[in-house]
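**Q** please work out how this folds:
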Amino acid sequence: MLKCIIVDDELKSREGLSLMLSSFFEEIEVCALCQDVAEGLAAIENYKPDVLFLDIQMKHETGFDLLSKVSNIKFEVIFTTAHSEYAIKAIRFSAIDYLLKPIDMQELQNAIDNVRKKQNGNVKDRFKQLMVNLKGVNNENHKLALPTSQGLTFIKVNDILYCKASGNYTEFYMKEGKKHLVSRQLKEYEDLLNEHDFFRIHHSSLINLNFMKDYFKGDGGYVIMIDNTSLDVSRRKKDTFLERIGYRA
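**A** Modelled structure (predicted):
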């Protein structure tokens, strides 16, 4: 049985989510419905939950305010929000689940499945990194959580040279020579990294523009990275790529 607490300043949201959980998930016990940070903190202390459903933006506070006041986070968090906001990327970078309101049943099921897989694994590390990532895109300590067979590996975004698609997997090539293989598609990481000077030059390649050494013209052309790797630029991406790097023929 998973004990859960719901923290949301909207009564309809609290009660609606509680009804979904109690009606369709026999293994979940809803212990408390809380309307603000103070009530949420008291419920965490009282019930010691396994999972916390936490609204991001409340009237005068945020879900992050609540987390910052918990000295030792031993529960999983599933954020809930009515807005696709800037914080979502920081949350995704840190391998934490979120649900957009109105909550979809399949997405709720997926989030709960993920809780079961991650329970007690790297909780403190993920939330510590989330707080760092929330400080902004240009933070040199911005890290991305990569799911591996052993758990999670945190890598600095500024240390990624390029990423390559390998079927349903993505290969991360790092500045120091390491390689990480992740069971996620390249598109997912393109969406996350496009604000960090990354550009998808080909359906199979996403590069860190800061580590591109040369570009050679051709049908699509190709780039040379600082580790001397050659990567093709597709004809379809060529014009947008040249515009992005400020190249004028």
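
**Q** number of residues surrounding residue 44?
**A** Residues lying near residue 44 (other CB atoms under 10 Å) number 22. Heads up, the C-betas are built off the backbone N, CA and C, glycines and all.

**Q** what do you get for residue 39?
**A** Residues lying near residue 39 (other CB under 10 Å) number 16.

**Q** from residue 176, how far out is it?
**A** Distance, residue 39 to residue 176, by CB to CB, to the nearest Å: 46 Å.

**Q** same deal with residue 167?
**A** In terms of CB to CB, residue 167 sits 25 Å off from residue 176.

**Q** swap in residue 3?
**A** For residue 3, the distance to residue 176 (CB to CB) stands at 42 Å.

**Q** with neighbour numbers in mind, choose between those two.
**A** Taking other CB under 10 Å, residue 3 and residue 176 do not tie; residue 3 has more neighbours (16 against 6).

**Q** pretty sure the more buried one is in a strand, no?
**A** Yes - counting by DSSP: H, G, I helix; E, B strand; the rest coil, residue 3 is located in a strand.

**Q** my guess is it contacts residue 27. True?
**A** No - contact criterion CB atoms under 8 Å: residue 3 and residue 27 do not qualify, at 10.4 Å.

**Q** rounded mean pLDDT for stretch 83-92, please.
**A** Averaged across stretch 83-92, pLDDT comes to 81.

**Q** who's in contact with that stretch?
**A** Stretch 83-92 is touched from outside by 56-57, 64, 79, 81, 97-98, 100, 130, 133-134, 192, 195, with contacts defined as CB atoms under 8 Å, 6 or more residues apart in numbering.

**Q** and those residues, which are buried?
**A** Listed as buried from the contacts of stretch 83-92 are 56, 64, 79, 81, 97, 98, 130, 133, 134, 192; burial here means 16 or more other CB atoms under 10 Å.

**Q** out of those residues, list just those in strands.
**A** Judged by DSSP state E, strands contain the following of the buried ones among the contacts of stretch 83-92: 79, 81, 97, 98.

**Q** and the third one, how far is that from residue 76?
**A** Here the distance between residue 97 and residue 76 works out to 8 Å (CB to CB).

**Q** give the residues shared as contacts by these two.
**A** residue 115.

**Q** so for the chain, the centremost residue is which one?
**A** residue 92 (1.0 Å; CA atoms, centre = their mean).

**Q** can you verify residue 173 is assigned to a helix?
**A** No - assigned with three-state DSSP, residue 173 falls outside any helix and is strand.

**Q** so how many other residues sit close to residue 206?
**A** By other CB under 10 Å, the residues close to residue 206 number 24.

**Q** hey, where'd the helices end up in the protein?
**A** Remark: helices assigned in the chain by DSSP state H are 11-24, 37-47, 63-68, 87-93, 105-118, 123-133, 186-193, 235-244.

**Q** JSON lines for those, including distance to residue 158?
**A** Converted to JSON lines, these look like this (distance: least, CB to CB, whole Å):
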{"stretch": "helix 11-24", "distance to residue 158": "38"}
{"stretch": "helix 37-47", "distance to residue 158": "33"}
{"stretch": "helix 63-68", "distance to residue 158": "24"}
{"stretch": "helix 87-93", "distance to residue 158": "13"}
{"stretch": "helix 105-118", "distance to residue 158": "26"}
{"stretch": "helix 123-133", "distance to residue 158": "13"}
{"stretch": "helix 186-193", "distance to residue 158": "11"}
{"stretch": "helix 235-244", "distance to residue 158": "18"}
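
**Q** domain boundaries for this structure, per the record?
**A** 2-133, 143-244 (automatic domain parsing).

**Q** averaged over its residues, which helix or strand of this structure has the lowest pLDDT?
**A** The weakest-scoring helix or strand in the chain, judged by mean pLDDT, DSSP states H and E, is helix 123-133 (a mean of 85).
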